[in-house]
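can't give you the sequence, but here's the structure:
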């Protein structure tokens, strides 16, 4: 992760995205406990206050909750996670459409390309 | 005459400091207060009218190209340079023995005698500093894989830098002042050093670190000061700067200091 930060965006927002991604994908399990701020800061090689800021943001979104004595947890609100997953998907689609439009493709042409690609079988497709 | 002026300034500063404390949203007293600091070498100003405040619990970067005054500022803060104008306070006190006791300082060059081995330095630090944590230091040296009995002068430059950082970070100081801690090390050693800094960070202490290798380290800072030809030209929280400028601190640095 250390060198995956983009230059143009605040680091704490990139951390928020990273956690969001891993929560909605199920890599971080609903209801599980999070490492301490210090340990997370060390493993991401970021300032502890920056990490704190990212976690506070995720708490505001409801994806994390803090228990003063025991620590921080991933929400066990499955519905919220599903909602958030859809929101992330929307963002990806919007970005895709915007980039395709910038390249001069109409939405219909983009759809056609996606259909063709998925019929060929995407290399990254998940095996069910 | 100078001394008289100083004591007057001190009283004035005390009252402004108190106002500052009350205004601070975190309600924390500043650890370092520098105001109107000027230092001249002959006719040439190395620092002109520098003012800055450091609060506890932060990792702060002092950034600037070679010759911008970083080391001069650090030497004044740590009491190595004593002739300057302006006020420099650490924990409310003028620079002196009491402030030196609060500061753990990593200078920009090594100060070991040719006969010394790591264990000699550990003993010296234990003798010198009541806040030195010998166990912590020995653990760090072990992690580093350092031979405690190898003569320091026979070590590589990078190893010496890592060793020196271990010594400095093993003190339970209020303020760590690190002058170019990643100046001459390879990427793996750089990771060790950043890791050591982050591991030893605490909410009560502050780390003030100068560097010109920004892209490697900018993400461990809360805030940064840009020093250009002896003046602070930019300061702020790094994520606020990134949000405002739409670029990394490193990119901004290259822009501000373009030759």
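Perfect, I can see it now. In this text the structure is predicted, and so the values were computed from the model without any measurement.

how about the helices in the chain?
All of this is about chain A. A:11-24, A:37-44, A:48-60, A:78-102, A:107-120 (DSSP state H).

not what I meant, chain B
B:2-23, B:70-77, B:97-100, B:118-128, B:134-144, B:157-169, B:187-200, B:214-217, B:238-245, B:249-256.

Could you find the closest non-adjacent residue to the residue nearest the centre of chain A?
Nearest to the geometric centre of chain A sits residue A:21, at 2.2 Å (C-alpha atoms, centre = their mean). Distances taken as C-beta to C-beta, 6 or more residues apart in numbering or on different chains place residue A:88 nearest to residue A:21, at 6.9 Å, with adjacent residues excluded. No exception for glycine: its C-beta is placed from N, CA and C like everyone else's.

what does residue B:86 give?
In space, residue B:86 is closest to residue B:37, 3.7 Å off (C-beta to C-beta, 6+ apart).

Now for that neighbour: which residues touch it?
For residue B:37, the contact set (C-beta atoms under 8 Å, 6 or more residues apart in numbering or on different chains) comprises B:47, B:49, B:50, B:51, B:73, B:76, B:84, B:85, B:86, B:87, B:88.

Quick check: residues of chain B near chain A?
By C-beta under 8 Å from any C-beta of the partner chain, the residues of chain B that approach chain A are B:57-59, B:191, B:194-195, B:198-199, B:201, B:219-222, B:238-240, B:242-243, B:246-248, B:250-251.

Mind giving me the ChimeraX command for buried ones among the residues you listed?
The buried residues among the residues of chain B next to chain A can be selected in ChimeraX (16 or more other C-beta atoms under 10 Å in any protein chain shown) with this line:
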select /B:57,58,59,194,198,201,219,220,221,222,238,239,242,247,248,250,251
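
distance of the closest residue to residue A:36 other than its chain neighbours from chain B?
Spatial nearest neighbour of residue A:36, excluding adjacent residues (C-beta to C-beta, 6+ apart): residue A:71 at 6.9 Å. Separation of residue A:71 from chain B (C-beta to the nearest C-beta, to the nearest Å): 17 Å.

For residue A:71, name its beta-bridge partners.
Per DSSP bridges, the residues bridged to residue A:71 are residue A:67.

can I assume it is in contact with residue A:39?
No - with contact defined as C-beta atoms under 8 Å, residue A:71 does not reach residue A:39; the gap is 10.8 Å.
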